[in-house]
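requesting a structural model of the entry that follows:
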Amino acid sequence: MSDIRKAKVLLVDDEEDFVMTLTERLRARGLDVTAVTRGEDAIDMVAKQDFDAVVLDLAMPGMDGLETLKRIKEHHPETEIIMLTGHGSVQTGIKAMKLGADDFLEKPVELPTLLAKIGEAHAKHVTILEEKSQEQIERILKNRGW
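Below is the predicted model:
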């Protein structure tokens, strides 16, 4: 089982007070948190570094959460994305899941619930990385003829 305290999380929400507060609460629990307030910045961050989970707000000015989700998944399909919304609907949740969201939570989200979802995303991400490493090792061994 992976240790959630090692999880790298990208928090994306246009509400600065919410982002700052949640960042502090997650960091206090040992998580490595990067926070941005725009979808465009989230896409840039995911291109630069690997995150175990992206916690993404649905309603943001400019590029909304669904468009941000779509663009992240186009280039980084393995990225675990947890959608947050203050005014979600069943239809929006279904659309987000079809676009590749791994979970959909409503604000205000209870911290233990969010931590559990981040833990699940972290564990899944670690498993994916381990599988990729194993595949690379097998390819190298096959090509070397050992």
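
contacts and neighbour counts: CA atoms only from here.
Noted.

report the separation between the closest residue to residue 86 other than its chain neighbours and residue 46.
Spatial nearest neighbour of residue 86, chain neighbours left out: residue 107 (4.7 Å); criterion: Cα to Cα, 6 or more residues apart in numbering. Distance, residue 107 to residue 46, using Cα to Cα, to the nearest Å: 23 Å.

give me the three-state assignment for residue 10.
strand (DSSP: H, G, I helix; E, B strand; the rest coil).

can you count the residues close to it?
24 (other Cα atoms under 10 Å).

do residue 59 as well
17.

so it makes contact with residue 83?
No. Residue 59 is not in contact with residue 83 according to Cα atoms under 8 Å; the separation is 10.0 Å.

how close does the spatially most central residue of the chain get to residue 8?
Nearest to the geometric centre of the chain sits residue 54, at 1.9 Å (Cα atoms, centre = their mean). Distance, residue 54 to residue 8, by Cα to Cα: 9 Å.

could you do residue 120 as well?
For residue 120, the distance to residue 8 - Cα to Cα - is 13 Å.

can you give me the helices in the chain?
For the chain, applying DSSP state H gives helices covering 16-28, 39-48, 65-75, 90-98, 111-144.

report pLDDT for residue 7.
Note on residue 7: pLDDT of 92.

give me the helices and strands touching the worst-scoring helix or strand of the chain on mean pLDDT, please.
The weakest-scoring helix or strand in the chain, judged by mean pLDDT, DSSP states H and E, is helix 90-98 (a mean of 85). When contacts are defined as 3 or more Cα pairs under 8 Å, 6 or more residues apart in numbering; DSSP states H and E, helix 90-98 packs onto strand 103-106.

strand partners of the strand it packs on, parallel vs antiparallel please.
As defined by DSSP bridges, the strand partners of strand 103-106 come to strand 81-85 (parallel).

returning to what we had before: of residue 107 and residue 46, who's got more company?
residue 46 (16 against 11).

not counting its neighbours along the chain, what's nearest the more buried one?
Residue 46 sits nearest to residue 72 (Cα to Cα, 6+ apart), 7.3 Å away.

try residue 87
residue 106 (7.3 Å).

how many other residues sit next to that neighbour?
Other residues close to residue 106 by other Cα under 10 Å number 16.
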